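Visitor: I would like the atomic coordinates for the input below:
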Amino acid sequence: MNEREALREIIVWASAYPSAVFPEPDFDKARAALEAAGISMDALHGSWARHLMKGVLELARDGVDVGE
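Guide: This is a model prediction of the structure:
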């Protein structure tokens, strides 16, 4: 994959979850439900962000020559 293809894939990923299909949740309700189950919203966000950025990093590494 070259740089242009990698950027194209990142753009596709960034557009994959439109709010018209996946509306924003009620975060107060979500926080209360998660905390009732012993899970913090911060832990959930951190896990999701790591997963997402790992995928973006893999696309970038595949498409960009960093000289390593």
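Visitor: from R61, how far out is W13?
Guide: Separation of W13 from R61 (C-beta to C-beta, to the nearest Å): 15 Å. Yep, even glycine has a C-beta here, placed from its N, CA and C like the rest.
Visitor: what is the neighbour count of the residue nearest to M41 when sequence neighbours are not counted?
Guide: Using C-beta to C-beta, 6 or more residues apart in numbering and skipping the chain neighbours, the partner closest in space to M41 is R31 (4.7 Å). R31 has 16 neighbours, counted by other C-beta atoms under 10 Å.
Visitor: tell me which residue lies nearest the centroid of this protein.
Guide: Centroid-nearest residue in the chain: L52, 3.1 Å away (criterion: C-alpha atoms, centre = their mean).
Visitor: chain center to the lengthiest helix in the chain, what's the gap?
Guide: Longest helix of the chain, by residue count under DSSP state H: helix 41-63. Taking C-alpha atoms, centre = their mean, to the nearest Å, one finds helix 41-63 lying 5 Å from the centre of the chain it belongs to.
Visitor: who are the packing partners of that helix?
Guide: In terms of contacts (3 or more C-beta pairs under 8 Å, 6 or more residues apart in numbering; DSSP states H and E), helix 41-63 is packed against helix 3-14, helix 27-36.
Visitor: tell me the mean pLDDT over the first one?
Guide: For helix 3-14, the mean per-residue pLDDT is 88.
Visitor: isn't W13 right up against K54?
Guide: No - W13 is beyond contact range of K54, at 11.7 Å (criterion: C-beta atoms under 8 Å).
Visitor: settle it for me: which of these two has more neighbours?
Guide: Set W13 next to K54 and count neighbours by other C-beta under 10 Å: W13 wins out with 13 against 10.
Visitor: which residues touch the more buried one?
Guide: Taking C-beta atoms under 8 Å, 6 or more residues apart in numbering, we find W13 in contact with 55-56, 59.
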